[in-house]
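A.B. asks: Give me coordinates for this.
(2 chains)
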There are 2 protein chains.
Amino acid sequence: MNEVKVIEIKKSVFEDNNRDADALRRELKERGVYLLNLMSSPGSGKTTTLIRTINLLKDKIRIAVMEADIDSDVDAIKIKEATGIQSIQLHTGGMCHLDAEMTRQGLDNLALEGVDLAILENVGNLVCPAEFDTGAARNAMILSVPEGHDKPLKYPLMFSVCDLVIVNKIDVLPYFDFDMEKCVEYVHMRNPRASIIPICAKTGEGVEKVAEWLLKEVENWKK
Amino acid sequence: MNEVKVIEIKKSVFEDNNRDADALRRELKERGVYLLNLMSSPGSGKTTTLIRTINLLKDKIRIAVMEADIDSDVDAIKIKEATGIQSIQLHTGGMCHLDAEMTRQGLDNLALEGVDLAILENVGNLVCPAEFDTGAARNAMILSVPEGHDKPLKYPLMFSVCDLVIVNKIDVLPYFDFDMEKCVEYVHMRNPRASIIPICAKTGEGVEKVAEWLLKEVENWKK
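C.D. replies: Okay, the predicted model is just below:
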């Protein structure tokens, strides 16, 4: 049960990542596959959030997950065990981000037939992944309460490129100086259209809103 | 009071960073300046930890701080206001790390005469900064409890290159599934010689041990 496919990702040879990303996005649109690129700092709860969200959605749509990590396999195994869906591990070999060509290497190793939603869990990093268009339909990111509400001030690009900001670990709000109003203000300073959904992935609180957001996105993508 | 020098860091032209870092380290050794490179994820508490540590040490040794950030100035201002010591802001202009030449650009803008300890607060990132020797005497990193004890498994290089791992936010241990014993085991798997100091930067608990570690390091550097 706890064995997953592990793909060693090679460095890209394409020079123009933006063009390559647009091409990949068009291909995925034609195949009816919505790709979500999920980013965050290390330890903000990407995998736990995914497990909760997938379990709310897996009877409605078909989902596959690619877990990028520098060299461990724990996340892909966790996803597979907790949700039963198709999950593979991408090893970036020390690389700090994924671009469109690297994402394609992952997609080539997924059984994409019939898949409605493919999720890329990017490398835990608020800087580099924001600079590379992966070809995803949308970018989402998780900011966890212990990281602080000032992160949109310090990592502007990450918040500019994301259409969904999930604020995780709201169960520990009483123990941290996290100001949700300021967080919303700062996120909208970077991207006025961004949706912001506060959740607690550990207890499941609020996760149904993430599932609703995703389901609507996937339905629109297929129109 | 709340104005600090802001340096826009340029991309390095040197090809051999390791050689450049060794040269910088030798120069600093000759000048009697101990350079500490402090790394962590975004929001793990680098600035608060520094303020506490500096306030314990500033009457014993002369300290200067360089705060690297993509484009905000808040950290350098915070350090200056809370400690009164020399503090400058380095803007990396989107770059995800500092190498030796970039560090040198920062040092050139510090009044280093008589300084015993210079601290570089690197960009919040567990991946890229670990790959570039800054010329520091030692690397240290902060892992905060909410990030989880499994981080040495996922970011192996960061933990391999650090001689001091500060485990911050121990006040919230009751609210997170953080296993300190496993944390110590995983850190030592990456670097058996690493010192591990649990602290709470918010309350000051344990910070005196960080100050002691640093003071001993600075004294040895000057021998």
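A.B. asks: Find the residue at the geometric middle of chain A.
C.D. replies: Centroid check for chain A by CA atoms, centre = their mean gives A:Leu38 as the closest residue, at 1.3 Å.
A.B. asks: what's the helix or strand for that one?
C.D. replies: For A:Leu38, the enclosing helix or strand under DSSP states H and E is strand A:34-40.
A.B. asks: Show me what that strand pairs with in its sheet, parallel or antiparallel.
C.D. replies: Looking at strand A:34-40 with DSSP bridges, its partner strands are strand A:117-121 (parallel), strand A:138-144 (parallel).
A.B. asks: For that strand, which outside residues touch it?
C.D. replies: For strand A:34-40, the surrounding residues in contact (CB atoms under 8 Å, 6 or more residues apart in numbering or on different chains) are A:25, A:28, A:46, A:50, A:103, A:107, A:116-122, A:124-126, A:129-130, A:134-144, A:158, A:162, A:214, A:217-218, A:221-222. For every residue, glycine as well, the C-beta is placed using N, CA and C.
A.B. asks: When you filter those residues down to buried only, what's left?
C.D. replies: Among the contacts of strand A:34-40, those classed as buried by 16 or more other CB atoms under 10 Å in any protein chain shown are A:25, A:28, A:46, A:50, A:103, A:107, A:116-122, A:124-126, A:129-130, A:134-144, A:158, A:162, A:214, A:217-218, A:221.
A.B. asks: still on that earlier bit, beta-bridge partners for the residue nearest to the centre of chain A, please?
C.D. replies: Beta bridges link A:Leu38 to A:Glu121, A:Ala140 when assigned by DSSP bridges.
A.B. asks: Distance-wise, check it relative to B:Leu36.
C.D. replies: Computed as CB to CB, to the nearest Å, the A:Leu38 to B:Leu36 distance reads 34 Å.
A.B. asks: What of A:Ile197?
C.D. replies: Distance from A:Ile197 to B:Leu36, by CB to CB: 39 Å.
A.B. asks: again, but for A:Ala82
C.D. replies: 40 Å.
A.B. asks: Of the two, give the one with the bigger neighbour count.
C.D. replies: Neighbours were counted for A:Ala82 and for B:Leu36 using other CB atoms under 10 Å in any protein chain shown; B:Leu36 has more, 24 against 16.
A.B. asks: Skipping its backbone neighbours, what lies nearest that one in space?
C.D. replies: Using CB to CB, 6 or more residues apart in numbering or on different chains and skipping residues adjacent in sequence, the residue nearest B:Leu36 is B:Ile119, 4.9 Å away.
A.B. asks: give me the low-pLDDT residue ranges for chain A?
C.D. replies: Chain A contains residues with pLDDT under 70 at A:1-2, A:12-14.
A.B. asks: Would you map the helices across it?
C.D. replies: Per DSSP state H, chain A carries helices over the ranges A:17-31, A:46-57, A:74-83, A:100-107, A:151-154, A:156-160, A:180-190, A:207-221.
A.B. asks: B:Asn18 is nearest to which of those?
C.D. replies: Minimum separation from B:Asn18 across the helices of chain A (CB to CB) falls at helix A:100-107, 26.5 Å.
A.B. asks: Next, the buried residues of that closest one.
C.D. replies: Of all the residues in helix A:100-107, those buried under the rule 16+ other CB under 10 Å are A:Ala100, A:Glu101, A:Met102, A:Thr103, A:Arg104, A:Gln105, A:Gly106, A:Leu107.
A.B. asks: Check stretch A:76-93 too.
C.D. replies: Neighbour-count burial for stretch A:76-93, counted by 16+ other CB under 10 Å, picks out A:76-80, A:82-83, A:85-92.
A.B. asks: Pick the one among these closest to B:Pro174.
C.D. replies: When the buried residues of stretch A:76-93 are ranked by distance to B:Pro174 (CB to CB), A:Lys78 comes first, at 23.8 Å.
A.B. asks: residues contacting the closest residue to the closest one other than its chain neighbours?
C.D. replies: Excluding its sequence neighbours, the residue lying closest to A:Lys78 (CB to CB, 6+ apart) is A:Thr47, at 5.6 Å. Neighbour list for A:Thr47: A:Glu67, A:Asp75, A:Lys78, A:Ile79, A:Glu121 [criterion: CB under 8 Å, 6+ apart].
A.B. asks: Out of those residues, the closest to A:Asp16 would be?
C.D. replies: Using CB to CB, A:Glu121 comes nearest to A:Asp16 of those, at 25.3 Å.
A.B. asks: thought the closest one was touching A:Leu50?
C.D. replies: Yes: using CB atoms under 8 Å, A:Glu121 is in contact with A:Leu50, at 6.5 Å.
A.B. asks: got any residues that touch both of these two?
C.D. replies: Applying CB under 8 Å, 6+ apart, one finds that A:Glu121 and A:Leu50 are jointly contacted by A:Leu38, A:Val65.
A.B. asks: neighbours of the residue nearest to A:Cys183 when sequence neighbours are not counted, just the number please.
C.D. replies: Nearest residue to A:Cys183, sequence neighbours excluded (CB to CB, 6+ apart): A:His149, at 3.9 Å. The tally of other residues near A:His149 (other CB under 10 Å) stands at 22.
A.B. asks: How about stretch A:8-27 and chain B, touching?
C.D. replies: No: counting by CB under 8 Å from any CB of the partner chain, chain B is not contacted by stretch A:8-27; separation bottoms out at 14.2 Å.
A.B. asks: Next, the distance between the ends of that stretch.
C.D. replies: In stretch A:8-27, first residue to last residue: 23 Å (CA to CA, to the nearest Å).
A.B. asks: same check, this time on stretch A:151-170
C.D. replies: Counting by CA to CA, you get 16 Å between the two ends of stretch A:151-170.
A.B. asks: Indicate whether that stretch makes contact with chain B.
C.D. replies: Yes: under the criterion of CB under 8 Å from any CB, chain B is reached by stretch A:151-170 at A:Lys151, A:Leu153, A:Lys154, A:Tyr155, A:Pro156, A:Leu157, A:Lys169.
A.B. asks: What sits closest to A:Arg138 if chain neighbours are left out?
C.D. replies: In space, A:Arg138 is closest to A:Asp163, 5.0 Å off (CB to CB, 6+ apart).
A.B. asks: these two touch, right, the one you found and A:Ile197?
C.D. replies: No: between A:Asp163 and A:Ile197 there is no contact under CB under 8 Å: 11.4 Å.
A.B. asks: I'd like the contacts of A:Thr47 as TSV, with distance to B:Pro192 appended.
C.D. replies: Output for those, formatted as TSV (distance: CB to CB, whole Å):
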residue	distance to B:Pro192
A:Glu67	29
A:Asp75	26
A:Lys78	28
A:Ile79	32
A:Glu121	31
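A.B. asks: any idea which of those is closest to A:Phe178?
C.D. replies: Nearest to A:Phe178 among those is A:Glu121, at 23.6 Å by CB to CB.
A.B. asks: got a list of what that closest one touches?
C.D. replies: Per CB under 8 Å, 6+ apart, neighbours of A:Glu121: A:Leu38, A:Lys46, A:Thr47, A:Leu50, A:Val65, A:Met66, A:Glu67, A:Ala68, A:Asp75.
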